[in-house]
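Q: one predicted model, sequence on top.
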Amino acid sequence: GALSLIYLVLELSLKETYISFKYTNKHSIQNKLWTDTIMTHVFHRHPKQSLPTAVAGEGITLIDQNGKRYIDASGGAAVSCLGHSHPEVIAAIHQQIDAVAYAHTSFFTNEPAEQLAQFLAQRAPGDLDYVYFVSGGSEAIEAALKLARQYFVEKQQPSRRLFIARRQSYHGNTLGALAIGGNAWRRAPFLPLLTEAHHVSPCYPYRDQGADESDHAYATRLADELEQKILQLGPENVAAFVAETVVGATAGVLVPVPGYLQAIRRVCDQYGVLLILDEVMCGMGRTGHLFACAEDEVTPDILTIAKGLGAGYQPIGAMLASRRIYQTLVDGSGFFQHGHTYMGHATACAAALAVQQVIERDQLLHNVRVRGQQLRQGLHQTLSAHPNVGDIRGRGLMVGIELVADKQSKTPLDHHAKTHTQLRRVAMDKGLLMYPMGGTVDGVHGDHILLAPPFICTAQDIDHIVELVSATIFEVLPFTH
Ligand code: PLP
């Protein structure tokens, strides 16, 4: 009896805290208590961590339940390219919901999907003319893998079922995407994976390019490795080679050396292997070009995009397929044997269309290139003398910092120290969101930081980000001159 009375009092007082908080806070949000392990019913990714509640967004800033402000220097993970609470995107979403939020794609098409597909197809390189809308990056990859497979079945080449991808790659967490992904740690608990994939070296100049090796020689060496892998597996068994145009997660931004993607394209063509480029993170303007591969003058057969497409306003991803592939299905079965309930979602497409129209109208890709350069230069100035900063690299507003224990040997930091976790915590204390990762370097853990600020950043914002990133690194990894 006494115990249940204490319990009741405790429950009432907690409820009161919550309610009083809810009505006194101008954003009417939940008390932080709800994110504590005991109270939450959300299946959190890291159940032992207590997270602040995001309650508002303003340009490049996110605001939590206590009114604390965070500069979103990673755009989540390279998602929020227009910043937060953009009025035009919000208006487009409202307008679509008022008209029709959703209608199943078995029965209807919808205007925003048609317009967005046209927008993308007109701007995509080569003949990537057909756009298949899904809800995110992993779904786009799954669609790409299945399309590659079905293409060869319809072409009467059913033995082509193998995929080749690269080590230190990330293509998503669903089982097909995980199978082609090259991150040993993410894959390990789920082996053996259903889709058979083989891996070759990534284009990782900082760790892999010889000091005297030219970009051309390095690109040729990697293309030769791919060729050997295709020959070893038998070209008649290989469906596609999958690669991120610019690597994001797991290796802290890897920019290919000039000529690498072209060399890879030639090898794929020689053996009739499809090239799938994954631009889920690096696409949609993140590198300063709407499609990252356009800068490398390479057109894949299938391209995946997601994060920047809807900029986080709605969950959306897409797969773009070449005319040749689409036509094969049209002339063959007349049907892509795939689909999701929420594909081509009208509200998601309306949000993405508004995002892309704003980016184009405001010429934000120019800003991405200029601010990206400023960001890299600023980081070089403040951090290159730091003994644990091994490399600072990137393209546009997709910037990576690779941390090492020793600059000379490039030995990764001891992964037991979980430096990336400390970096995230200290950065958040300082009001900065950056995306530190404990990736793998040849099976050994290595720590990286991903920076991907919104395309709307001003010069002043970038200076502030540089200052906060440097202060965070110097606090977690102290170093006195
Ligand atoms: N592909 C790449 C290159 C990515 O960076 C990601 C996510 O980080 C994915 C695929 C998976 O996307 P999603 O998390 O939307 O499923």
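A: Thanks, I have the structure now. Here the structure is a predicted model, which means the values were calculated and not measured.
Q: I230: which element?
A: helix 215-233 (DSSP states H and E).
Q: show me which residues of that helix are buried.
A: Y218, A219, R221, L222, A223, L226, E227, K229, I230, L233 (16 or more other CB atoms under 10 Å). No exception for glycine: its C-beta is placed from N, CA and C like everyone else's.
Q: so which residues on the stretch 1-150 of the chain come close to the ligand?
A: For the stretch 1-150 of the chain, the contact set with the ligand under CB under 6 Å from any ligand atom comprises A77, G136, G137, S138, I141.
Q: among the helices and strands of this protein, which has the poorest mean pLDDT?
A: helix 2-24 (a mean of 48; mean pLDDT, DSSP states H and E).
Q: any idea how far the closest residue to N367 other than its chain neighbours lies from A92?
A: For N367, ignoring the flanking residues on the chain, the nearest one in space by CB to CB, 6 or more residues apart in numbering is F455 at 5.9 Å. The span separating F455 from A92 equals 18 Å under the rule CB to CB, to the nearest Å.
Q: which of these two has more neighbours?
A: For the pair F455 and A92, the greater number of neighbours falls to F455 (30 against 24), based on other CB atoms under 10 Å.
Q: quick one: pLDDT of that one?
A: F455 carries a pLDDT value of 98.
Q: wait, it sits on Q356?
A: No: with contacts counted by CB atoms under 8 Å, F455 stays clear of Q356, the gap being 11.5 Å.
Q: need the contact list for the residue of the stretch 101-250 of the chain found nearest the ligand.
A: Of all residues in the stretch 101-250 of the chain, the one sitting closest to the ligand is G137 (2.1 Å; CB to the nearest ligand atom). G137 is in contact with H171, G172, A177, D278, V280, M281, T304, A306, K307, G317, counting by CB atoms under 8 Å, 6 or more residues apart in numbering.
Q: please save the CA atoms from the helix or strand encompassing the third one in PDB.
A: Element membership for A177 (DSSP H and E) is helix 175-180. Below are the C-alpha coordinates for helix 175-180, written out as PDB (Å, rounded to 0.1, in the frame of the first residue of the first chain):
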ATOM      1  CA  LEU A 175      20.500  -6.200 -46.200                       C
ATOM      2  CA  GLY A 176      21.200  -5.700 -49.900                       C
ATOM      3  CA  ALA A 177      22.900  -2.300 -49.200                       C
ATOM      4  CA  LEU A 178      24.900  -3.800 -46.300                       C
ATOM      5  CA  ALA A 179      26.000  -6.700 -48.600                       C
ATOM      6  CA  ILE A 180      27.700  -4.400 -51.000                       C
END
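Q: wait, what's in contact with the most centrally placed residue in the chain?
A: With distances taken as CA atoms, centre = their mean, the residue of the chain nearest its centroid is M281 (3.2 Å). For M281, the contacting residues are A77, A78, G137, E244, V246, G248, A249, A306, K307, M398, A452, by CB under 8 Å, 6+ apart.
Q: what secondary structure does it sit in?
A: coil (DSSP: H, G, I helix; E, B strand; the rest coil).
Q: gap between it and H86?
A: From M281 across to H86, the span is 20 Å (CB to CB).
Q: just put the residues of the stretch 1-150 of the chain next to the ligand in CSV and tack on pLDDT and distance to I71.
A: Shown next, in CSV, are those (pLDDT from 0 to 100; distance: CB to CB, whole Å):
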residue, pLDDT, distance to I71
A77, 94, 15
G136, 98, 25
G137, 98, 24
S138, 98, 28
I141, 98, 30
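Q: just the ones of those residues in strands?
A: Among these, DSSP state E puts none in strands.
Q: and those residues, which of them are in helices?
A: A77, G137, S138, I141 (DSSP state H).
Q: just the buried ones from those, in PyMOL syntax?
A: Typed into PyMOL, the line below selects the buried ones among these, using 16+ other CB under 10 Å:
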select buried, resi 137+138+141
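Q: tell me the two of the ones in helices among the residues of the stretch 1-150 of the chain next to the ligand that are most distant?
A: A77 and I141 (15.4 Å; CB to CB).
Q: sorry, back to before: for the residue nearest to the centre of the chain, which non-adjacent residue is closest in space?
A: Ranked by CB to CB, 6+ apart and with sequence neighbours excluded, the top spatial neighbour of M281 is G248, at 3.6 Å.
Q: ramachandran coordinates for that neighbour?
A: Phi and psi for G248, reported as degrees, to the nearest 10, are phi -110, psi -90.
Q: show me the contacts for it.
A: A77, A78, Y170, V280, M281, C282, M398, L450.
Q: can you list contacts of stretch 225-232?
A: Defining contact as CB under 8 Å, 6+ apart, one finds that stretch 225-232 is touched by I164, H198, V200, S201, V238, F241, I264, V267, Q270, Y271, V273.
Q: and the fifth one, how many neighbours does it have?
A: Under the neighbour criterion other CB under 10 Å, V238 is assigned a count of 26.
Q: that one reaches S159, doesn't it?
A: No: with contact defined as CB under 8 Å, V238 does not count as touching S159 (9.3 Å).
Q: show me where the stretch 201-350 of the chain has strands.
A: In the stretch 201-350 of the chain, the strands defined using DSSP state E, counting those that start in this stretch lie at 238-244, 274-279, 302-305, 317-321.
Q: hang on, the earlier thing: pLDDT for the buried residues of helix 215-233 - can I get that in TSV?
A: Formatted as TSV, those follow (pLDDT from 0 to 100):
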residue	pLDDT
Y218	98
A219	98
R221	98
L222	98
A223	98
L226	98
E227	98
K229	98
I230	98
L233	98
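Q: in TSV: the residues you listed, plus distance to the ligand.
A: Shown next, in TSV, are those (distance: CB to the nearest ligand atom, whole Å):
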residue	distance to the ligand
Y218	22
A219	21
R221	24
L222	19
A223	21
L226	19
E227	24
K229	21
I230	22
L233	23
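Q: which parts of the stretch 301-450 of the chain sit against the ligand?
A: With CB under 6 Å from any ligand atom as the criterion, the stretch 301-450 of the chain comes near the ligand at residues A306.
Q: hang on, I meant the stretch 151-300 of the chain
A: Y170, H171, G172, E244, G248, A249, D278, V280, M281.
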